[in-house]
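Visitor: got a sequence here, can you model it:
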Amino acid sequence: MQKKRILVVDDEEKLRRVIELHLTSAGFEVDKAATAEEALRIADRADLVLTDLRLPGMDGLELLSLLRRQNAQATVIVMTAFGTVENAVEAMKLGATDFLLKPFSLDQLTAVMHKALEVHNLRAENRELREELGRRYEIDNMIGRSAAMQEVFATVMRAAPTRATVLICGESGVGKDLIARAIHHYSPRRGRPFVKINCSAIPENLMESELFGFEKGAFTGAIQAKPGKFEQADTGTAFLDEIGDVPPSIQVKLLRILQEREFERLGSNKTRQIDVRVVAATNQDLRAALEQGTFREDLYYRLNVVPLNIPPLRARKEDIPFLVEHFIRRLAPECGSPVESVTSAAMQKLLDYHWPGNVRELQNVIERGLVLCTGVRLDAGDIRIEGGVRTPRAEGVPFLPDGMTLEEYEQHVLREALRRAEGNKSQAARLLGLTRNALRYRLAQIGLD
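Guide: Residues are numbered from 1 along each chain as shown. Sure thing, here's the model as predicted:
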């Protein structure tokens, strides 16, 4: 295998030399540059660029911007002193793969570089993999012949064998849980634990002890020590579902798990090492959470190494016939139903619906039809959809009530949801298809919190 070539950019000659000796002994080819201008002349032959942020003349951020402009797939790791963490985060926004805080050990450097090169290979081979998997329509009970789902499957198959952290984004019901399990299934950790952690279901005051465990006597009722979810997932995969609901105090500890692979149990000073692969999922817009200050930037960029965006069912309706066939084949024997297929009228009814609950809602509708149908084919009358079929609006019909702005209409909808839920925020959030935290944010914006 051809040696990887690393370009080291730093104005400290001694540091350049130390890194060169270490990387050479580790089997890499090494180029060095003292300035960004010098680095630009030789960067095109490098597989990875390791650069300081503070450089004479052009700084590291400008260098990164130019490198990404020349080659969108450029793999760059930035080095920075502790006082410039904000700059490191800015560098990751510009496309840096990772960052190292000075002073760092050579072992840290090696680990970060290997991780970055894994991501580099993932991006470089993605197009080839999509072609190779062009005829793959199914992965662990997930059906998808649409181009969008084919891309999702390709990324799953390429990311699974690595240690890279994966962030799965998508609406409720699109199958984020199945994607996470597929990543674990196709990884070298397949025979090891897969631990699902539903972050929205754990009360904030119990989250630390649930995730990281506790020692005997750590709090009232702690009569014996108990390992947390991450310890249970050691050597395997931890799936953090609804990661957007994690409070800031716990986000700091998750960041440490991702960066250092270590933690302490509640009530203990003993640092424990852990080998766990993290897959996270959310139905929230984490970038909006960044702007609101409810989600840490550094944690977001640590989680978002391999992003996976699962499209909603309404955006890939060409998959509906194949999903229906799959659900009938799998669910009919369980329901004791004689149904073997659907009529064209039933299929058209399914295609006309907007599916706010996505694939999970489609499965429920098919299962309901199998229970109620007495024939061998589901007809339109057997398709019971609670929300009904949404018909397109006629042109020229206003989509807001007369005399009401969007902001006023949103306030009206929020108040109505609270009224129907009799003030219960969790129930109101479910009525609106929001998380409780997202509802609380919107209520605070209009002074109703």
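
Visitor: only C-alpha atoms for contact and neighbour calcs from this point on.
Guide: Fine.

Visitor: which regions of this protein lie under the pLDDT threshold?
Guide: 1-2, 71-73, 82-85, 123-141, 387-404, 448-449 (pLDDT under 70).

Visitor: one more pass at 50, please.
Guide: 127, 130-137, 388-397 (pLDDT under 50).

Visitor: how much space separates the residue nearest to the spatial centre of it from residue 173?
Guide: Centroid-nearest residue in the chain: residue 167, 1.6 Å away (criterion: Cα atoms, centre = their mean). Here residue 167 is placed at a distance of 16 Å from residue 173 (Cα to Cα, to the nearest Å).

Visitor: for the stretch 51-200 of the chain, what spans make up the helices?
Guide: Assignment of helices within the stretch 51-200 of the chain using DSSP state H, counting those that start in this stretch yields the ranges 60-70, 85-93, 106-132, 147-159, 176-185.

Visitor: count the neighbours of the nearest residue to residue 204 once chain neighbours are set aside for me.
Guide: Distances taken as Cα to Cα, 6 or more residues apart in numbering place residue 247 nearest to residue 204, at 7.1 Å, with adjacent residues excluded. Residues within reach of residue 247, counting by other Cα atoms under 10 Å, total 17.

Visitor: can you tell me how far residue 304 is from residue 278?
Guide: 11 Å.

Visitor: mutual contacts of the two, please.
Guide: Shared contacts of residue 304 and residue 278 (Cα atoms under 8 Å, 6 or more residues apart in numbering): 165, 166.

Visitor: what residues sit buried inside the helix or strand containing residue 41?
Guide: For residue 41, the host element (DSSP states H and E) is helix 36-42. Neighbour-count burial for helix 36-42 flags 36, 39 (criterion: 16 or more other Cα atoms under 10 Å).

Visitor: helices and strands around it, which ones?
Guide: Where contact means 3 or more Cα pairs under 8 Å, 6 or more residues apart in numbering; DSSP states H and E, helix 36-42 is packed against strand 5-9, helix 60-70.

Visitor: same thing but at 10 Å, please
Guide: Here helix 36-42 touches strand 5-9, strand 29-33, strand 48-52, helix 60-70, going by 3 or more Cα pairs under 10 Å, 6 or more residues apart in numbering; DSSP states H and E.

Visitor: point out the most buried one among the ones you listed.
Guide: strand 48-52 (a mean of 26; mean count of other Cα atoms under 10 Å).

Visitor: give me the neighbour count for residue 44.
Guide: So residue 44, with other Cα under 10 Å, has 15 neighbours.

Visitor: can you check the one 3 residues further on too?
Guide: Residues contacting residue 47 under the criterion other Cα under 10 Å number 19.

Visitor: what about stretch 243-254, start to end distance?
Guide: Using Cα to Cα, first and last residues of stretch 243-254 are 10 Å apart.

Visitor: same question, stretch 209-216
Guide: 12 Å.

Visitor: and that stretch, what's buried?
Guide: Buried, per 16+ other Cα under 10 Å, within stretch 209-216: 209, 210, 211, 212, 213, 214, 215.

Visitor: make CSV out of these and add distance to residue 363.
Guide: Shown next, in CSV, are the buried residues of stretch 209-216 (distance: Cα to Cα, whole Å):
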residue, distance to residue 363
209, 36
210, 32
211, 32
212, 35
213, 37
214, 40
215, 43
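
Visitor: for residue 25, which residues are in contact?
Guide: By Cα atoms under 10 Å, 6 or more residues apart in numbering, residue 25 lies in contact with residue 19.

Visitor: ok, residue 304 and residue 278, which is more surrounded?
Guide: Neighbour totals were compared for residue 304 and residue 278, and residue 278 leads with 24 against 16 (other Cα under 10 Å).

Visitor: can you pull out the strands in the stretch 201-350 of the chain?
Guide: 237-241, 262-264, 271-273, 277-282, 306-309, 341-342 (DSSP state E, counting those that start in this stretch).

Visitor: strands paired with the third one, and their directions?
Guide: So that's strand 271-273. strand 262-264 (antiparallel) (DSSP bridges).

Visitor: how far away from the center of its chain is the strand it pairs with?
Guide: 23 Å (Cα atoms, centre = their mean, to the nearest Å).

Visitor: same deal with stretch 41-55?
Guide: On Cα atoms, centre = their mean, the centre of stretch 41-55 falls 29 Å from the chain's centre.

Visitor: just the endpoints, please. Distance across that stretch?
Guide: 16 Å.

Visitor: what does stretch 226-246 give?
Guide: End-to-end for stretch 226-246, by Cα to Cα: 21 Å.

Visitor: stretch 6-16 too?
Guide: Where stretch 6-16 begins and where it ends lie 12 Å apart, using Cα to Cα.

Visitor: what does that stretch rub up against?
Guide: By Cα under 10 Å, 6+ apart, stretch 6-16 touches 17, 19-21, 23-24, 28-36, 38-39, 42-56, 60, 63, 76-79, 113.

Visitor: give me that answer again for 8 Å
Guide: 19-20, 28-36, 39, 43, 46-52, 55-56.

Visitor: likewise for stretch 419-431?
Guide: Against stretch 419-431 from outside (Cα under 8 Å, 6+ apart): 417, 418, 435, 436, 439, 440.

Visitor: what residues sit buried inside it?
Guide: 421, 425, 426, 427, 428, 429.

Visitor: so how many other residues sit close to residue 306?
Guide: 20.

Visitor: re the thing from before, rebuild the strands of the stretch 201-350 of the chain as CSV, extending it with distance to residue 376.
Guide: Below are the strands of the stretch 201-350 of the chain laid out as CSV (distance: least, Cα to Cα, whole Å):
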stretch, distance to residue 376
strand 237-241, 39
strand 262-264, 57
strand 271-273, 57
strand 277-282, 39
strand 306-309, 37
strand 341-342, 7
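
Visitor: residue 161: which of the ones you listed is closest?
Guide: Closest approach to residue 161 among the strands of the stretch 201-350 of the chain (Cα to Cα): strand 277-282, 10.8 Å.
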